[in-house]
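In: no letters, just coordinates:
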């Protein structure tokens, strides 16, 4: 099977449309960024407290808000988690923004949020713990003390194992929220065990599945570091490409990658995705992809310049893009499919991450023929205008033969 | 099969064997699928974001230790200058690392300078700006770095001992970041971070001081007033709760005047244990035992001070001030109406020693196990589905050669995972991003080579030379793309921290593996296939 046998498209002739398209995307993204006052930073970069709570049913947002107000938390936001693949996650994120408080205040904020949840939502019975917020060791402790299976003194291991089993059942089969202790019979707990548990635990209709507290200093430091590290990596690539090709190729490739990152950031702003540390990893991945694509085309240009020394440079570039088009479409298509699957199936945690990759692969593929190659052509034209009226690839070809 | 090809095949089989052993292990040879699975799970360590657990980043306030050192040196210099009868108006600490000598007698300046450079080699002396006979003592930068390093090492060690004592599974305590005096603490699995946090944060400075004034004061001002506004020399004021009231009830805050120098400190402890209180029923006390050496000091001291009070000061707060009834050699008790866990934790902290400086939390993340499990399940499902899509496509598009690509891809993943297992690297979400990029570039290498071979075939070359040319031409491109990405991964590894590093490691390893699988292994398979098939047959690509 073959999709493309012989293609002969004038890519460089359309360069001005590519530039216009990129400019439009950059302007739209930039406008959104300006309107929103910069990217939506996740807690990693902004600092603050996020508590992720999962409920057994639809989250009682108003009740939570009242509870928070009663605990004296006024600057919090409650965001229901909605997911494309799974619109009813029954999850909310309670965000407490960091407003210049120290880390002690953040800690107090977290404690207050947890208190508010337990006070307003937990059908708390005095002296009992919430089954959904304990780990296996606490459950094992209770079982060993009560010994519902009458195993005697040396039963510690057996109960530890049972406790793990029960917690596993709670987390895997009930998504972390068990509303009735009787359900545990399905996980291998007999009536005596459940009765013993009921003496020490109650069940609420929620579970806290994630807590993050990031101090203000860390946030800004991470933000700075992410930018610096990316710039270093780009610089390293620029030097290598300049060494292998010519400096203008390196510059064009880096500019194209820069363009990809900026457009992706713009789209993040438009679609209200938050920038977290994982997203930074995705951005670095897209930098890698886009660079890879660009180098494949540059490599073909270098090769063709030796073969077609008398042809105009523009033609060489067109030919190179056409020759590699089949692989470009195949590779990008396949990787695009991969990340699309990740985007759809990857769950809420991976959503922003895979969104960056979905966008990144589209933009990264486009930029290698739409931005990087035309930039090199434009530079060649500009340089040759002074020297000769006829624009040929000879000059560049001679220069490149050394490499 | 030619001999050359045979050796190559044997080499590849060897690499595969080493990798498979790395992943599922020989020592406990897999007997069933479940053993195989659990072996695999034990070899590949998951990061906290996938496994669930708590991650803390804390900063050691190193400047406190530096400041303490300056205090000590200030004391020391004062004494030395006095011994040498060198006159000056004032000697005071200017900031954490500088001491100012005000108005040093000009004729003694030389002696003083010599004294400083002889006795305090870690300090520089220079004329103080704007003061004709003032001098500035500055701690040398190398010494500050030394103290910082020592403090960090000691803090890390102390925290590790405390965390280990909590009995959690595989906790991690390690330096973090670059030169910001940060320590990362990772507590995988279940658990309430608050207990770990309070144990880590506890200063644990225990000091036993002689109480000078037998009755505590109700306020700081009252204590000062009793001494005419100035505390007696070598004494200090500490806050605490008065426990000595007649009714036996806790009264309000009181202030005690105590000896400045402690008789015994936490460093002199041999052990500490929580015990049920005999006095406050339902509460716990902490018993401690002193080392023999400290006991030798403590015995005579208590003998001389019978009838006086001994202040037990924990973290600059007086806990109890029992009266010394007789000679005590090496035991004592801290009464503080503690709960059981509180007393246990205090004993633990005392046993593990005091932190050299206080600690600030910069970051705390707790990932619930259900969220981590969700991420893994989704991530694995998505990876499998996308791998299948890629495989089906490769076979449909490149026919038999597609099978070759699939072998290379699967082998690439095996090598990558095995390398992670051998390095003991941790797989995190960003690490998975690195794996995805690797898979993408692996597919890309195969597509590049296959498209090149097709081009050569189109130019009516024989299969053998088409394959040869295709690999040769594509190799240049593959090297360029891979080296560029490895260069960037190296930068990410050097300058990045935490998640970014995880990404860089799995990316670099994956790319190296890919160079091996898609260039070397694929070539061997092609060569073998070409050698087997009839000369005039067409290549299935």
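Out: Nice, thanks for sending it over. Remember, it's a predicted structure, so these values are computed and weren't measured experimentally.

In: what residues are up against the residue nearest to residue A:160 when sequence neighbours are not counted?
Out: Spatially, and ignoring its direct neighbours in sequence, residue A:160 is nearest to residue A:140 (4.5 Å; CB to CB, 6 or more residues apart in numbering or on different chains). Placement of C-beta: from N, CA and C, glycine included. Counting by CB atoms under 8 Å, 6 or more residues apart in numbering or on different chains, residue A:140 makes contact with A:156, A:159, A:160, A:162, A:163, A:164.

In: residues near the third one, how many?
Out: It refers to residue A:160. 17 (other CB atoms under 10 Å in any protein chain shown).

In: next up, the contacts around it.
Out: A:136, A:137, A:140.

In: would you list those in TSV and tack on pLDDT?
Out: As requested, those are exported to TSV (pLDDT from 0 to 100):
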residue	pLDDT
A:136	75
A:137	72
A:140	79
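
In: not counting its own residues, what contacts stretch A:12-32?
Out: Stretch A:12-32 has contacts (CB under 8 Å, 6+ apart) with A:259, A:262-263, A:265-267, A:269-270, A:314, A:317-318, A:366-367, A:369-371, A:373-374, A:377-378.

In: buried residues in it?
Out: A:12, A:15, A:18, A:22, A:25, A:29, A:32 (16 or more other CB atoms under 10 Å in any protein chain shown).

In: is the third one in a helix, a strand, or coil?
Out: Three-state call for residue A:18 (DSSP: H, G, I helix; E, B strand; the rest coil): helix.

In: distance of it relative to chain B?
Out: 22 Å (CB to the nearest CB, to the nearest Å).

In: and that residue, what pLDDT?
Out: If you check residue A:18, the pLDDT there is 94.

In: contacting residues for the closest residue to residue B:69 other than its chain neighbours?
Out: In space, and not counting its chain neighbours, residue B:69 is closest to residue B:147: 5.8 Å by CB to CB, 6+ apart. Taking CB under 8 Å, 6+ apart as the contact definition, residue B:147 lies against B:62, B:65, B:66, B:69.

In: same question for residue B:444.
Out: A:292, A:296, A:327, A:331, A:335, B:481 are the contacts of residue B:444 under CB under 8 Å, 6+ apart.

In: how far away is the second one from chain B?
Out: Spatial separation of residue A:296 from chain B under the definition CB to the nearest CB is 6 Å.

In: walk me through the domains of chain B.
Out: Per automatic domain parsing, the structural domains of chain B span B:3-52+B:368-532, B:63-143, B:206-362.

In: relative to residue B:183, which of the ones you listed is closest?
Out: Taking CB to CB, domain B:206-362 is the member of the domains of chain B nearest to residue B:183, at 8.2 Å.

In: can you give me the end-to-end span of that closest one?
Out: One end of domain B:206-362 to the other measures 26 Å (CA to CA, to the nearest Å).

In: quick check, that domain touching chain A?
Out: Yes. Among the residues of domain B:206-362, B:360, B:361, B:362 lie within reach of chain A under CB under 8 Å from any CB of the partner chain.

In: so what pLDDT did the residue positioned nearest the centre of chain A get?
Out: Against the mean C-alpha coordinate of chain A, by CA atoms, centre = their mean, the closest residue is residue A:353 at 1.9 Å. Here, the pLDDT recorded for residue A:353 equals 84.

In: neighbouring contacts of whatever helix or strand residue B:287 lives in?
Out: According to DSSP states H and E, residue B:287 maps onto strand B:284-290. Strand B:284-290 is touched from outside by B:206, B:264, B:268-279, B:298, B:329-336, B:338-340, B:342-344, B:346-347, B:350, with contacts defined as CB under 8 Å, 6+ apart.

In: so which of the residues you listed sit within helices?
Out: Those of the contacts of strand B:284-290 mapping onto helices are B:298, B:340, B:342, B:343, B:344, B:346, B:347, B:350, per DSSP state H.

In: surely the fifth one is in contact with residue B:276?
Out: If I follow you right, that is residue B:344. No. Residue B:344 lies out of contact with residue B:276 (CB atoms under 8 Å); the separation is 11.9 Å.

In: give me the more crowded residue out of the two.
Out: Of the pair residue B:344 and residue B:276, residue B:344 is the one with more neighbours under other CB under 10 Å, namely 17 against 12.

In: for the more buried one, give me its contacts.
Out: Residue B:344 touches B:274, B:284, counting by CB under 8 Å, 6+ apart.

In: pLDDT at it, what is it?
Out: 80.

In: what's the distance between the one residue in chain A that gets nearest to chain B and residue B:86?
Out: Residue of chain A nearest chain B, by CB to the nearest CB: residue A:135 (3.0 Å). The gap separating residue A:135 from residue B:86 is 64 Å, by CB to CB, to the nearest Å.

In: before we move on, back to that, so the residue nearest to residue B:69 belongs to a helix, correct?
Out: Yes. Counting by three-state DSSP, residue B:147 is part of a helix.

In: pLDDT score for it?
Out: As predicted, residue B:147 sits at a pLDDT of 87.

In: tell me where the stretch 301-450 of chain B has helices.
Out: Secondary structure of the stretch 301-450 of chain B (DSSP state H, counting those that start in this stretch): helices at B:340-352, B:369-398, B:400-423, B:429-458.

In: from those, which stretch is densest packed?
Out: Comparing the helices of the stretch 301-450 of chain B by mean neighbour count (mean count of other CB atoms under 10 Å in any protein chain shown), helix B:429-458 ranks first with a mean of 25.

In: quick one: that helix to chain centroid distance?
Out: Centroid displacement of helix B:429-458 relative to its chain, using CA atoms, centre = their mean, to the nearest Å, is 38 Å.

In: so how far is the first residue of stretch B:167-177 from its last?
Out: Terminal residues of stretch B:167-177 lie 26 Å apart, using CA to CA.

In: just the buried positions in it, please.
Out: Those buried within stretch B:167-177 under the rule 16+ other CB under 10 Å are B:168, B:171, B:173, B:176, B:177.

In: what comes into contact with that stretch?
Out: B:57, B:152, B:156, B:159-160, B:163-164, B:182-189, B:191, B:196, B:497-498.

In: in strands only, show me these.
Out: B:57, B:182, B:183, B:184, B:185, B:186, B:187, B:188 (DSSP state E).

In: from those, which is closest to chain A?
Out: For these, the nearest to chain A is residue B:57 (6.7 Å; CB to the nearest CB).
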